[in-house]
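Enquirer: sequence unknown, structure follows:
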């Protein structure tokens, strides 16, 4: 009788464990709530759209690249969000477009400044958020964008 109860208990434990693990992963995607700061802003889901652009000899930008990020802060209002490029002196302010989502677009002039004739240049940038209490957060991983420019100089 003890063995039957022991086997039944082990079977029930195994079933509960299997269901628990199955439910923990089912339908869950993206970041974990543990990654969000309980105090101060948190930058999540940062991205560049598109993350790669090509410009022609006329240096015209087909579509202005955008940077998007969600900023979470449970204690204060987010007051300032910026895209700060690494290794080049470029910083672009972001605007809140609804909820916790912020967006910045590069101007055609900024794209031209980043482009190098005949080269494919990869740039990285951090998203920096500040709240009304003066607390600042920086994205944990940089956003990257590639700008490929046609050769402007012609041979001959």
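Expert: Sure, I can see it. Computed from a prediction, not measured in an experiment: that's the story for all the values here.
Enquirer: C-alpha from now on. contacts and neighbour counts both.
Expert: OK.
Enquirer: give me the below-cutoff pLDDT ranges for the chain.
Expert: Scanning the chain for pLDDT under 70 picks out 1-35, 37, 154-156.
Enquirer: so for the most centrally placed residue in the chain, what's the nearest residue that isn't a sequence neighbour?
Expert: The residue lying closest to the centre of the chain (CA atoms, centre = their mean) is residue 46, at 1.3 Å. Counting by CA to CA, 6 or more residues apart in numbering, residue 69 is the residue found nearest to residue 46 once chain neighbours are left out, at 4.2 Å.
Enquirer: then residue 129?
Expert: For residue 129, the closest residue by CA to CA, 6+ apart turns out to be residue 81, at 4.3 Å.
Enquirer: which elements pack onto the helix or strand where that neighbour lies?
Expert: Element membership for residue 81, per DSSP states H and E: strand 78-85. If contacts are counted by 3 or more CA pairs under 8 Å, 6 or more residues apart in numbering; DSSP states H and E, strand 78-85 sits against strand 91-93, strand 101-105, strand 120-131.
Enquirer: pretty sure the residue nearest to the centre of the chain is touching residue 70, no?
Expert: Yes - Residue 46 lies in contact with residue 70 (CA atoms under 8 Å); the separation is 6.8 Å.
Enquirer: any idea which element the residue nearest to the centre of the chain lies in?
Expert: Element membership for residue 46 (DSSP H and E) is strand 42-49.
Enquirer: residues in contact with that strand?
Expert: With contact meaning CA atoms under 8 Å, 6 or more residues apart in numbering, strand 42-49 is reached by 31, 36, 65-73, 127-129, 137-140, 143-145.
Enquirer: this completes my enquiry, with thanks.
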